[in-house]
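Peer 1: curious how this folds, go ahead:
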Amino acid sequence: MSTDANAGARSDAEDTVETVDYDSMLADLDVAIEEARYKIENGRVRDAEKEKVRIKWVRALAYAVNVRRQVANDRDLQELAEEIEVLKEAYES
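Peer 2: Numbering: from 1, shown residues only. Okay, here's the model as predicted:
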């Protein structure tokens, strides 16, 4: 792959990152987390089949919490990168 192709791909990726709505993703994940918590805490378990369903909800909750953490980290890294760029520009001026 040529360097021009790499630069074009990098530019496209940067454009995509800039348009990511982290707040919306985090809000959606918060809803999913609350729903999973509700299902885990409020369901009645009378047989083994319902316990299997509860275990699936626990797994879904763990997954959603992990994804939320990753999204929050990505948002924080993007904000830090933007702050670094501003500081670089101010230092170079």
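
Peer 1: and Ile84, how many neighbours?
Peer 2: 10 (other CB atoms under 10 Å). Bear in mind the C-beta positions are built from the backbone N, C-alpha and C, glycine included.

Peer 1: secondary structure element holding it?
Peer 2: In this structure, Ile84 sits in helix 48-92 according to DSSP states H and E.

Peer 1: next one: that helix to chain centre, how far?
Peer 2: 4 Å (CA atoms, centre = their mean, to the nearest Å).

Peer 1: which residues touch the residue nearest the centre of the chain?
Peer 2: The residue lying closest to the centre of the chain (CA atoms, centre = their mean) is Val71, at 2.4 Å. Contacts for Val71 (CB atoms under 8 Å, 6 or more residues apart in numbering) come out as Tyr22, Met25, Leu26, Leu29.

Peer 1: again, 10 Å this time
Peer 2: Val20, Tyr22, Asp23, Met25, Leu26, Asp28, Leu29 (CB atoms under 10 Å, 6 or more residues apart in numbering).
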